[in-house]
Structure formats: C-alpha cells, structure tokens
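K.L.:
Return atomic coordinates for the entry below.
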Amino acid sequence: MPNYGLIDKPLNNKAIEHQKPKPDDLKIHPGDRPKVYYIPDDLIGFLASFPRTSGHSERTVQMLSIGLLGRPLGTKARFTSEARSHHEGGESREIKESVERGRRERMIVDAHTHLFDPKARSDPRLMGEKEPVFELMFGRGKARMADPEAMLGEMREAGVDAAVLCPFPWITLQRCAENNDYLLEVARTYPGRFIPLAVTNPRWGKAAVKEARRCLDAGARGLGELHGQPQGFDPGDVDTMKPLMRLALEYEVPLLIHVNEPVGHIYPGKGPVTPQVIYPLIKSFPEVKLVLAHWGGGLPFYELMPEVSRECANVFYDTSASPFLYRPEIYDLVVKICGADKILFATDYPLLPFLRCMEEVTSKLDGETRHKVLGENAVRLFGPP
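P.N.:
Model (predicted):
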C-alpha cells in the first residue's frame with residue numbers, strides 16, 4: 001500500500017498487523033516538505049466502515065489511517081514537538097506553516113454554540129424576574145439545553161472538532177459573570193475542544209467593560225453573543241458601544257453581535273437589530289473584527305454595493321440557524337458576493353443539530369471553499385482550540 005501520510009516508508013500487511021509504529025515514523029525529518037492533501041469524504045467513510053466490512057481489528061484501521069491520512073482516524077492531526085521546532089531558519093518556518101495549514105484545513109469548527117451553566121439548566125425559572133427573556137425562552141422547558149458531555153458526544157458523531165462557546169445574552173452582570181466563568185472552566189476541562197467567548201451588557205457602562213476585561217485576561221477569545229433586544233441596548237448607538245469596541249481592538253479579539261433580517265417570519269429572538277441598525281457601528285469602527293450572527297441579517301447581499309463592501313472589510317458572517325432562515329443556496333450566493341474567507345460555519349447549537357447544518361454546507365461547497373467555511377476561517381479568527 002503506498003504511503004500518503006507522514007511515515008517515511010510504505011506500509012504492508014505484515015507491518016500493519018504485527019508491528020507498532022516506531023517513534024521516528026511519526027516525525028518530520030530534516031529536509032522533509034510536508035504536503036497538504038485534500039482528504040475525500042469517501043476515504044474517511046471507507047476507513048470508518050472498514051472494521052465491519054473486513055473483519056480487521058480497530059488497531060489495524062488506525063494503522064491504515066496513519067498511513068493514508070497522516071493521523072489516526074477521528075482525531076485531529078497531531079505532530080511531534082520535534083517536527084514543530086526542527087530548524088530555526090526559513091525552512092523551519094515553511095515546514096511549520098505547512099503543517100499548521102494542513103491541520104486547519106482538516107478541522108471542523110462550529111463558530112456559534114451555546115452552553116448554559118448547571119444552575120440555568122437545572123431550573124430556568126430560578127433565574128428570576130431580573131432575567132425575564134431567559135425565563136420566557138427556556139422557563140417552559142420546551143427549548144433544549146445540553147451539558148458538555150452530551151455536546152461532545154454529538155460533536156464526535158458529526159465529526160465536529162471544536163466549538164466556539166457563547167454565553168446567553170444576560171441582562172444582569174451577575175448572570176453574565178456566572179455563565180462566563182462556567183464556559184472558561186469547560187474550555188479548561190476539555191482542552192482542544194472548546195473556544196470560550198465572554199458576554200457582557202454594554203448598557204452597564206464601565207462595569208460591563210470591567211467584566212469583559214476580566215474574562216479576556218482569563219482566556220476568553222472574544223466577546224459575545226451581544227443581543228440588543230433582550231439586553232436592552234442599541235448596538236447602533238456608537239457612544240454605548242465605544243468602550244467595548246475599543247476593548248476588542250485593544251485585545252485584538254472579535255466581537256459577536258446578534259443581527260436579524262428586517263423582513264420575513266417572526267420567531268423568538270427576532271428583534272429590531274437589522275443591517276440598517278448595525279451599519280453605523282461598522283462604519284465607526286472599521287478596524288474591529290465583527291462577527292454578525294445569522295448571516296448578518298442579510299447584510300452580505302448589500303456588499304454588492306462597493307462602498308458597503310469596503311466598510312465591511314473586517315466583518316464576518318456566521319451561518320447560525322441558517323436552515324430556519326434561508327434556502328441552502330445562500331452559501332453559493334454569499335461566497336460569490338463576499339468571498340469564502342468571511343463565512344463561518346455555525347449552528348446555534350443546541351437550537352439545531354450539527355449534522356443538519358453541515359449537510360447544507362457540504363451540499364453546496366467543496367474543496368478549498370468548504371475547508372475555509374467549515375473551520376479554517378474560525379481558527380484564523382479565534383485562534384486554534
């Protein structure tokens with residue numbers, strides 16, 4: 001069997017069945033130039049089904065996977081520290097960049113999910129009168145919530161490597177802090193799987209900035225999801241938003257804001273923050289990286305206007321809740337209008353399951369474009385998990 005991974009010698013049946021890989025087999029040696037290969041979905045599917053169809057052991061399948069993919073099946077590519085720091089010159093940088101690029105291209109990252117702390121999950125009604133929106137949305141027990149283990153199980157089933165965790169847009173800073181601390185703890189407990197954001201409420205001024213700074217210092221990778229309607233502030237009010245926008249610029253992190261379309265059906269969470277409302281904020285802070293949830297309420301279509309496209313140079317659009325809002329053709333259209341670099345695969349989990357949203361992406365995008373949308377863009381924006 002030819003070798004297409006990182007092992008520097010071909011594999012044969014005897015080696016697969018009776019030999020363990022030597023440590024040197026999994027290293028990148030001096031002078032090697034690792035190549036990035038597109039891994040077709042049918043190859044991964046073949047490997048996943050191989051134990052059932054061939055009768056070979058799971059260990060055999062993992063050896064095959066290392067030979068074909070350069071990594072065990074079902075895990076992210078892992079490279080030794082020796083490979084990451086082998087040389088010190090330009091050749092070393094080229095190797096490291098090639099390896100990192102290959103790792104990103106194979107990673108699937110959900111850029112917009114929600115995880116609630118145990119207090120909120122146990123009985124949403126306990127949040128009290130100070131959080132009426134949360135009680136309205138979750139107090140009746142119909143809206144789904146998940147714990148980290150359940151979420152990880154669904155991620156594994158769908159092949160999602162990592163997820164960006166967004167707190168609920170709480171009104172009070174006390175609840176913001178409790179949810180923020182929980183997500184930071186979850187990210188530490190499950191390293192490499194979660195990227196935590198922190199939420200605050202701009203209406204509380206200096207105290208809101210203090211909470212955001214505390215979380216960024218503790219490891220949060222960005223701010224959000226901010227949501228003007230339940231939190232009671234106007235994202236288009238530049239004076240209200242200025243302190244947080246400056247903080248995001250200071251820490252060089254993105255800021256995620258809920259935006260919805262101005263027309264169409266009504267649903268829980270749909271409010272007055274539309275492209276027209278958010279556009280003055282974009283124009284006032286062009287250097288800040290903004291992620292506009294739910295396809296930015298349709299703002300990508302206005303990027304057909306040259307001046308809007310210029311103003312939105314640092315604006316990204318996540319696809320959260322897309323099956324509830326648009327036909328799958330939106331992926332093709334926004335790629336053509338804005339380019340693939342600005343689209344972040346997202347589900348709004350647990351509102352929608354991972355697989356349902358991934359099916360839309362894979363049905364409309366392929367190759368380099370699919371890699372960017374499914375994970376590479378998120379890793380570039382938030383950093384690796």
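K.L.:
Outline the domain layout of the chain.
P.N.:
According to automatic domain parsing, the chain comprises the domains 13-103, 109-382.
K.L.:
Residue 313 reaches residue 288, doesn't it?
P.N.:
No. Contact criterion Cβ atoms under 8 Å: residue 313 and residue 288 do not qualify, at 11.0 Å. Where C-beta positions appear, they are placed from N, C-alpha and C, glycine not excepted.
K.L.:
quick one: which of the two has more around it?
P.N.:
It is residue 288, of residue 313 and residue 288, that has more neighbours when counted by other Cβ atoms under 10 Å, with 21 against 12.
K.L.:
can you put the domains of the chain in JSON lines and add mean pLDDT?
P.N.:
JSON lines is the format used below for these (pLDDT from 0 to 100):
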{"stretch": "domain 13-103", "mean pLDDT": "43"}
{"stretch": "domain 109-382", "mean pLDDT": "96"}
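K.L.:
Tell me which of those sits most buried.
P.N.:
Mean neighbour count (mean count of other Cβ atoms under 10 Å) peaks for domain 109-382 among the domains of the chain, with a mean of 19.
K.L.:
how long is it from one end to the other?
P.N.:
10 Å (Cα to Cα, to the nearest Å).
K.L.:
Who are the contact partners of residue 329?
P.N.:
Applying Cβ atoms under 8 Å, 6 or more residues apart in numbering, we find residue 329 in contact with residue 364.
K.L.:
typo on my end, it should be residue 218
P.N.:
Going by Cβ under 8 Å, 6+ apart, residue 218 touches residue 184.
K.L.:
For the most centrally placed residue in the chain, list the residues it contacts.
P.N.:
Centroid check for the chain by Cα atoms, centre = their mean gives residue 111 as the closest residue, at 2.6 Å. By Cβ under 8 Å, 6+ apart, the contact list for residue 111 reads 164, 291, 318, 320, 344, 345, 346, 377, 378, 381, 382.
K.L.:
hmm, try it at 10 Å
P.N.:
Counting by Cβ atoms under 10 Å, 6 or more residues apart in numbering, residue 111 makes contact with 162-164, 166, 195, 197, 254, 256, 291, 293, 316-320, 343-347, 373-375, 377-379, 381-382.
K.L.:
repeat for residue 146
P.N.:
Contacts here follow Cβ under 10 Å, 6+ apart; on that basis residue 146 touches 113, 114, 115, 116, 121, 152, 153, 154, 349, 350.
K.L.:
Among the residues you listed, name the ones in strands.
P.N.:
The strands, defined by DSSP state E, take in 113, 114 from the contacts of residue 146.
K.L.:
Toward the C-terminus, what is the element adjacent to the helix or strand containing residue 333?
P.N.:
Using DSSP states H and E, residue 333 falls within helix 330-338. Counting by DSSP H and E, the next helix or strand C-terminal to helix 330-338 is strand 343-344.
K.L.:
That next one pairs with which strands?
P.N.:
Pairing partners of strand 343-344, with direction, according to DSSP bridges: strand 315-318 (parallel).
K.L.:
ok, which stretches of the stretch 51-200 of the chain are helices?
P.N.:
58-69, 81-84, 90-105, 118-122, 132-138, 148-158, 173-189 (DSSP state H, counting those that start in this stretch).
K.L.:
what's the answer for the stretch 251-385 of the chain, then?
P.N.:
Assigned by DSSP H, counting those that start in this stretch, the stretch 251-385 of the chain shows helices spanning 275-284, 299-302, 306-311, 322-325, 330-338, 354-364, 367-371, 377-382.
K.L.:
Now render those as TSV, adding distance to residue 133.
P.N.:
Formatted as TSV, those follow (distance: least, Cβ to Cβ, whole Å):
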stretch	distance to residue 133
helix 275-284	18
helix 299-302	24
helix 306-311	31
helix 322-325	19
helix 330-338	28
helix 354-364	24
helix 367-371	36
helix 377-382	26
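K.L.:
Would you tell me which of those gets closest to residue 139?
P.N.:
Closest of the helices of the stretch 251-385 of the chain to residue 139 is helix 322-325, at 21.4 Å (criterion: Cβ to Cβ).
K.L.:
Quick check: which of the helices of the stretch 251-385 of the chain is nearest to residue 268?
P.N.:
With Cβ to Cβ as the measure, helix 322-325 is the member of the helices of the stretch 251-385 of the chain nearest residue 268 (10.8 Å).
K.L.:
ok, now which ones touch residue 209?
P.N.:
Under the criterion of Cβ under 10 Å, 6+ apart, the contact list for residue 209 reads 200, 202, 243, 244, 246, 247.
K.L.:
now with 7 Å?
P.N.:
Neighbouring residues of residue 209 by Cβ atoms under 7 Å, 6 or more residues apart in numbering: 243, 244, 247.
K.L.:
helix or strand for it, which one?
P.N.:
Here residue 209 is covered by helix 206-218, with elements defined by DSSP H and E.
K.L.:
mind saving the C-alpha coords of that helix as PDB?
P.N.:
The C-alpha trace of helix 206-218 is given here as PDB (Å, rounded to 0.1, in the frame of the first residue of the first chain):
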ATOM      1  CA  LYS A 206     -17.700  50.800  33.000                       C
ATOM      2  CA  ALA A 207     -18.900  47.800  34.900                       C
ATOM      3  CA  ALA A 208     -19.600  46.000  31.600                       C
ATOM      4  CA  VAL A 209     -16.100  46.700  30.300                       C
ATOM      5  CA  LYS A 210     -14.600  45.600  33.600                       C
ATOM      6  CA  GLU A 211     -16.300  42.200  33.300                       C
ATOM      7  CA  ALA A 212     -15.300  41.800  29.700                       C
ATOM      8  CA  ARG A 213     -11.700  42.600  30.500                       C
ATOM      9  CA  ARG A 214     -11.700  40.200  33.400                       C
ATOM     10  CA  CYS A 215     -12.700  37.400  31.100                       C
ATOM     11  CA  LEU A 216     -10.300  38.300  28.300                       C
ATOM     12  CA  ASP A 217      -7.500  38.200  30.800                       C
ATOM     13  CA  ALA A 218      -8.700  34.800  32.000                       C
END
